[in-house]
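Engineer: Please find the sequence and the predicted model below.
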Amino acid sequence: MNKILSLTIISILLLSGCTTEPEDHSRQATQEKSTVPEKMPVQEYKGQGYQPHAEEDVIKAAKKHRKAFEKRGEQFFKDNFGLNVKATNVVAEDASVEVYVHCNDNGIVFNASVPLLKDAYKRTSSMRSTDTSSEMEMLVGTVLSGFEYRGQKEKYDNLTQFYKDNSKKYNYTGFNKEAINKTQGIGYQNEYYYIVYSSRSLKEYRKYFEPLIHKNEQEFKEGMIRARKEMGYTADANVYSTLFTDQFNNNHKEKVKNWIRFTDNLQKQPNFPENVDILSQLGDEFISTKSANYNEKKVIEF
């Protein structure tokens, strides 16, 4: 998950202008948070109690000015990537306010997040950035995973259907869609997997990829191929499954055999995405409600 970006990018987000927009939160929401357990079965988890470690004053700012932070987060992606996104969550994290967004614009689909300073809600000016940090490059890669999905949509949808069709046979489930939108910011992600695309500079994005947004499908695919060639980018995209099972601790030997069969079956399927490496991961059925980070789970990998 893309977390705190460098101070370079954050400082760019804090240009002149001022507005305040207090947001009251209901007593019911407060009570709900106090009763959320530390871990929940993934099928029941929809982002309840999600609150990474953060400073108390930042938590208060995120709650009080939620709507204003949402607008700034949405503006950030419009100003820098030319994409319309919808804010899905605002939470404090460490010393900044993290705005989670979901994009489904012209077939480009991804989840991402951007950190803002705790007083960024006061600003109204442009958020267009010239940041060249590695953190910004990671964020560009997050956005480009949505371009990768659009470029091979039919084949990725075939892969998704494979996971759906085999969920009962191999006894696994995936993330709840609402939990993805509220807690995940790692690019294109559905219930069963997420796509990791190469980190690129913002300058490269604006030159090679942003002009493709409104192209028809054929021109879009040709543009993606041309961009890879002109940038000398030959690496495969990576697909990481995020699967859960309530039998994680049962009969380890048989479970391993089962997942070897699953992986063999997956590799034999036709019409899956090209130039993609797929890693299958299986963890237990519980997810941490405060961090909701699959990468922190103990998993079996194939």
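Structural biologist: Ah, there it is.
Engineer: Leaving out the residues flanking it, which one is nearest to residue 58?
Structural biologist: Distances taken as C-beta to C-beta, 6 or more residues apart in numbering put residue 92 closest to residue 58, at 4.0 Å, once the chain neighbours are dropped. Yep, even glycine has a C-beta here, placed from its N, CA and C like the rest.
Engineer: my bad, residue 80
Structural biologist: In space, residue 80 is closest to residue 129, 5.4 Å off (C-beta to C-beta, 6+ apart).
Engineer: tell me which element the residue nearest to residue 58 is part of?
Structural biologist: Using DSSP states H and E, residue 92 sits within strand 85-93.
Engineer: Quick check: neighbours of that strand in the sheet, parallel or antiparallel?
Structural biologist: Note on strand 85-93: by DSSP bridges, its sheet partners are strand 96-105 (antiparallel).
Engineer: Return the partner strand as CSV; C-alpha atoms alone will do.
Structural biologist: Once non-C-alpha atoms are left out, strand 96-105 reads as follows in CSV (Å, rounded to 0.1, in the frame of the first residue of the first chain):
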residue,chain,number,x,y,z
SER,A,96,-0.7,13.1,7.9
VAL,A,97,-4.2,12.6,6.7
GLU,A,98,-4.6,9.8,4.2
VAL,A,99,-7.3,10.2,1.6
TYR,A,100,-8.4,6.9,-0.1
VAL,A,101,-9.9,7.1,-3.6
HIS,A,102,-11.5,4.8,-6.1
CYS,A,103,-11.1,5.5,-9.8
ASN,A,104,-13.3,4.1,-12.6
ASP,A,105,-12.8,6.6,-15.4
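Engineer: Mind giving me the packing neighbours of the very next helix or strand once past that strand?
Structural biologist: Scanning forward in sequence from strand 96-105 by DSSP H and E, the next helix or strand is strand 108-117. Helices and strands touching strand 108-117, by 3 or more C-beta pairs under 8 Å, 6 or more residues apart in numbering; DSSP states H and E, are helix 7-12, helix 66-81, strand 85-93, strand 96-105, helix 134-151, strand 186-187.
Engineer: can you rerun that using 7 Å?
Structural biologist: In terms of contacts (3 or more C-beta pairs under 7 Å, 6 or more residues apart in numbering; DSSP states H and E), strand 108-117 is packed against helix 7-12, helix 66-81, strand 96-105, helix 134-151, strand 186-187.
Engineer: Out of those, which is the most enclosed?
Structural biologist: Mean neighbour count (mean count of other C-beta atoms under 10 Å) peaks for strand 186-187 among those, with a mean of 26.
Engineer: any idea how far the first helix or strand past that one going along the chain is from the chain center?
Structural biologist: For strand 186-187, the following helix or strand on the C-terminal side (DSSP H and E) is strand 193-196. Mean C-alpha position of strand 193-196 versus that of the full chain (C-alpha atoms, centre = their mean, to the nearest Å) differs by 9 Å.
Engineer: What score does residue 13 have for pLDDT?
Structural biologist: What the model reports for residue 13 is a pLDDT of 41.
Engineer: and what of residue 294?
Structural biologist: Looking at residue 294, its pLDDT stands at 92.
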